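Student: Starting from these lines, generate the structure:
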Amino acid sequence: MLDRKELRGRLERHGGDILSSRGMTCERGFLQHGNTSVFEHSVRVTVACLVVAEALRLAVDERALVRGALLHDYFLYDWHDRSTSRPHHATRHGAYALENAERDFELGVVERDMIASHMFPLAPMPRHRESWVLTLADKGVSAGETIAGLVRRVRGKGTRGSA
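Tutor: Prediction:
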(Lines give C-alpha, C1' and ligand atoms only; values in the text may rest on other atoms or scores of the structure.)
Protein backbone atom coordinates (compact mmCIF):
# COMPACT_ATOMS: atom_id res chain seq x y z
CA MET A 1 0.00 0.00 0.00
CA LEU A 2 1.21 3.48 -0.84
CA ASP A 3 1.97 5.78 2.10
CA ARG A 4 1.52 9.57 2.12
CA LYS A 5 5.18 10.27 1.43
CA GLU A 6 5.23 7.95 -1.58
CA LEU A 7 1.99 9.42 -2.96
CA ARG A 8 3.29 12.98 -2.52
CA GLY A 9 6.53 12.01 -4.28
CA ARG A 10 4.69 10.56 -7.27
CA LEU A 11 2.44 13.62 -7.54
CA GLU A 12 5.44 15.94 -7.47
CA ARG A 13 7.57 13.81 -9.82
CA HIS A 14 4.92 13.49 -12.52
CA GLY A 15 2.84 16.63 -11.96
CA GLY A 16 4.95 19.20 -10.14
CA ASP A 17 4.72 21.65 -13.03
CA ILE A 18 0.94 21.29 -13.08
CA LEU A 19 0.58 21.65 -9.30
CA SER A 20 2.59 24.89 -9.32
CA SER A 21 0.90 26.38 -12.39
CA ARG A 22 -1.18 29.56 -12.47
CA GLY A 23 -4.24 27.58 -13.52
CA MET A 24 -4.04 25.30 -10.49
CA THR A 25 -3.67 28.36 -8.29
CA CYS A 26 -6.97 29.59 -9.79
CA GLU A 27 -8.56 26.22 -9.02
CA ARG A 28 -7.95 26.82 -5.31
CA GLY A 29 -10.52 29.63 -5.47
CA PHE A 30 -13.31 27.66 -7.19
CA LEU A 31 -15.60 25.27 -5.34
CA GLN A 32 -16.26 21.85 -6.79
CA HIS A 33 -18.41 19.74 -4.43
CA GLY A 34 -19.57 20.91 -1.01
CA ASN A 35 -16.73 22.94 0.49
CA THR A 36 -14.04 21.24 -1.60
CA SER A 37 -12.07 23.39 -4.04
CA VAL A 38 -11.46 22.20 -7.59
CA PHE A 39 -7.76 21.98 -6.67
CA GLU A 40 -8.41 19.76 -3.63
CA HIS A 41 -10.79 17.62 -5.67
CA SER A 42 -8.21 17.17 -8.44
CA VAL A 43 -5.51 16.11 -5.98
CA ARG A 44 -7.89 13.70 -4.19
CA VAL A 45 -8.90 12.12 -7.49
CA THR A 46 -5.26 11.77 -8.53
CA VAL A 47 -4.39 10.06 -5.25
CA ALA A 48 -7.41 7.77 -5.66
CA CYS A 49 -6.23 6.86 -9.17
CA LEU A 50 -2.79 5.90 -7.87
CA VAL A 51 -4.27 3.86 -5.02
CA VAL A 52 -6.71 2.03 -7.33
CA ALA A 53 -4.03 1.26 -9.93
CA GLU A 54 -1.70 -0.03 -7.22
CA ALA A 55 -4.38 -2.05 -5.40
CA LEU A 56 -5.55 -3.71 -8.62
CA ARG A 57 -1.97 -4.11 -9.87
CA LEU A 58 -2.91 -2.47 -13.15
CA ALA A 59 -0.21 -1.83 -15.73
CA VAL A 60 -0.65 1.91 -16.29
CA ASP A 61 1.41 4.79 -17.58
CA GLU A 62 1.79 6.40 -14.15
CA ARG A 63 2.98 9.74 -15.53
CA ALA A 64 -0.06 9.98 -17.83
CA LEU A 65 -2.35 8.81 -15.01
CA VAL A 66 -1.15 11.56 -12.66
CA ARG A 67 -1.14 14.32 -15.27
CA GLY A 68 -4.53 13.44 -16.76
CA ALA A 69 -6.10 13.12 -13.31
CA LEU A 70 -4.70 16.46 -12.13
CA LEU A 71 -6.07 18.15 -15.26
CA HIS A 72 -9.43 16.40 -15.60
CA ASP A 73 -11.34 19.41 -14.19
CA TYR A 74 -9.04 22.15 -15.52
CA PHE A 75 -11.99 24.19 -16.79
CA LEU A 76 -10.86 27.30 -14.84
CA TYR A 77 -14.15 28.99 -13.96
CA ASP A 78 -16.64 28.90 -11.09
CA TRP A 79 -19.39 26.64 -12.39
CA HIS A 80 -21.68 27.80 -9.58
CA ASP A 81 -21.63 31.40 -10.89
CA ARG A 82 -23.95 31.76 -13.88
CA SER A 83 -22.18 34.94 -15.01
CA THR A 84 -18.81 33.16 -15.45
CA SER A 85 -19.84 29.54 -16.02
CA ARG A 86 -19.90 28.07 -19.50
CA PRO A 87 -22.97 26.40 -21.04
CA HIS A 88 -23.82 22.79 -20.22
CA HIS A 89 -21.07 22.48 -17.60
CA ALA A 90 -22.10 18.99 -16.44
CA THR A 91 -21.74 17.46 -19.89
CA ARG A 92 -19.12 19.75 -21.49
CA HIS A 93 -16.58 20.60 -18.78
CA GLY A 94 -14.27 17.80 -19.90
CA ALA A 95 -14.00 19.49 -23.30
CA TYR A 96 -13.41 22.89 -21.65
CA ALA A 97 -10.75 21.35 -19.39
CA LEU A 98 -9.05 19.68 -22.37
CA GLU A 99 -8.98 22.97 -24.28
CA ASN A 100 -7.28 24.73 -21.35
CA ALA A 101 -4.90 21.85 -20.61
CA GLU A 102 -3.77 21.65 -24.25
CA ARG A 103 -3.12 25.39 -24.18
CA ASP A 104 -1.05 25.25 -20.96
CA PHE A 105 0.69 21.84 -21.06
CA GLU A 106 2.02 19.22 -23.45
CA LEU A 107 -0.38 16.29 -23.42
CA GLY A 108 -0.16 12.80 -24.81
CA VAL A 109 -2.95 10.70 -26.26
CA VAL A 110 -3.74 9.06 -22.90
CA GLU A 111 -4.01 12.36 -20.99
CA ARG A 112 -6.27 13.82 -23.70
CA ASP A 113 -8.56 10.79 -23.54
CA MET A 114 -8.64 10.89 -19.74
CA ILE A 115 -9.72 14.53 -19.64
CA ALA A 116 -12.23 14.27 -22.49
CA SER A 117 -13.90 11.06 -21.30
CA HIS A 118 -13.89 11.30 -17.49
CA MET A 119 -17.62 12.15 -17.43
CA PHE A 120 -18.61 8.92 -19.20
CA PRO A 121 -21.46 8.07 -19.84
CA LEU A 122 -22.17 11.80 -20.36
CA ALA A 123 -18.99 12.02 -22.45
CA PRO A 124 -17.28 9.72 -24.97
CA MET A 125 -16.39 6.23 -23.78
CA PRO A 126 -12.86 6.00 -22.33
CA ARG A 127 -10.38 4.27 -24.63
CA HIS A 128 -7.47 3.72 -22.26
CA ARG A 129 -7.05 1.89 -18.96
CA GLU A 130 -5.93 5.11 -17.28
CA SER A 131 -9.13 6.83 -18.47
CA TRP A 132 -11.28 4.11 -16.90
CA VAL A 133 -9.38 4.39 -13.62
CA LEU A 134 -9.93 8.17 -13.64
CA THR A 135 -13.62 7.86 -14.51
CA LEU A 136 -14.25 5.50 -11.59
CA ALA A 137 -12.03 7.38 -9.11
CA ASP A 138 -13.67 10.71 -10.00
CA LYS A 139 -17.16 9.30 -9.44
CA GLY A 140 -16.18 7.86 -6.05
CA VAL A 141 -14.39 10.96 -4.82
CA SER A 142 -17.16 13.24 -6.12
CA ALA A 143 -19.82 11.21 -4.33
CA GLY A 144 -17.84 11.36 -1.07
CA GLU A 145 -17.31 15.12 -1.32
CA THR A 146 -20.97 15.75 -2.14
CA ILE A 147 -22.23 13.58 0.73
CA ALA A 148 -19.78 15.22 3.16
CA GLY A 149 -21.06 18.64 2.08
CA LEU A 150 -24.67 17.57 2.61
CA VAL A 151 -23.86 16.16 6.04
CA ARG A 152 -22.14 19.43 7.04
CA ARG A 153 -25.17 21.41 5.87
CA VAL A 154 -27.64 19.19 7.74
CA ARG A 155 -25.55 19.27 10.91
CA GLY A 156 -25.21 23.04 10.63
CA LYS A 157 -28.97 23.47 10.30
CA GLY A 158 -29.57 21.15 13.21
CA THR A 159 -27.38 23.18 15.58
CA ARG A 160 -28.47 26.71 14.62
CA GLY A 161 -31.93 26.55 16.15
CA SER A 162 -30.90 24.80 19.33
CA ALA A 163 -29.88 26.27 22.71
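Student: so the residue nearest to the spatial centre of the chain, which of the three states?
Tutor: The structure's the chain has its C-alpha centroid closest to residue 42; by C-alpha atoms, centre = their mean the separation is 3.2 Å. Judged by DSSP: H, G, I helix; E, B strand; the rest coil, the three-state class of residue 42 is helix.
Student: Can you verify my assumption that it contacts residue 66?
Tutor: No. With the criterion set as C-beta atoms under 8 Å, residue 42 and residue 66 do not qualify as a contacting pair; they are 10.7 Å apart. Quick note: C-beta positions are derived from backbone N, CA and C, even for glycine.
Student: Contact partners for the residue nearest to the centre of the chain?
Tutor: When the contact criterion is C-beta atoms under 8 Å, 6 or more residues apart in numbering, the partners of residue 42 are 24, 27, 69-74.
Student: can we see that at 10 Å?
Tutor: Taking C-beta atoms under 10 Å, 6 or more residues apart in numbering, we find residue 42 in contact with 15, 18-19, 24, 27, 32, 36, 69-74, 97, 138, 141.
Student: Find residues that contact each of residue 42 and residue 66.
Tutor: With C-beta under 10 Å, 6+ apart, residue 42 and residue 66 have common neighbours 15, 18-19.
Student: Just name the closest of these to residue 92, please.
Tutor: Within the shared contacts of residue 42 and residue 66, the smallest distance to residue 92 is 21.7 Å, found for residue 18 (C-beta to C-beta).
Student: Okay, and that closest one sits in which element?
Tutor: Residue 18 belongs to helix 4-19 when elements are defined using DSSP states H and E.
Student: what's the neighbour count on residue 37?
Tutor: Residue 37 has 15 neighbouring residues, counting by other C-beta atoms under 10 Å.
Student: Excluding chain neighbours, give the residue nearest to it in space.
Tutor: With sequence-adjacent residues excluded and distances taken as C-beta to C-beta, 6 or more residues apart in numbering, residue 37 is closest to residue 28, at 5.3 Å.
Student: Now the shared contacts of residue 42 and residue 66 in a markdown table, please, with extra columns for pLDDT.
Tutor: Below are the shared contacts of residue 42 and residue 66 laid out as a markdown table (pLDDT from 0 to 100):
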| residue | pLDDT |
| --- | --- |
| 15 | 98 |
| 18 | 98 |
| 19 | 98 |
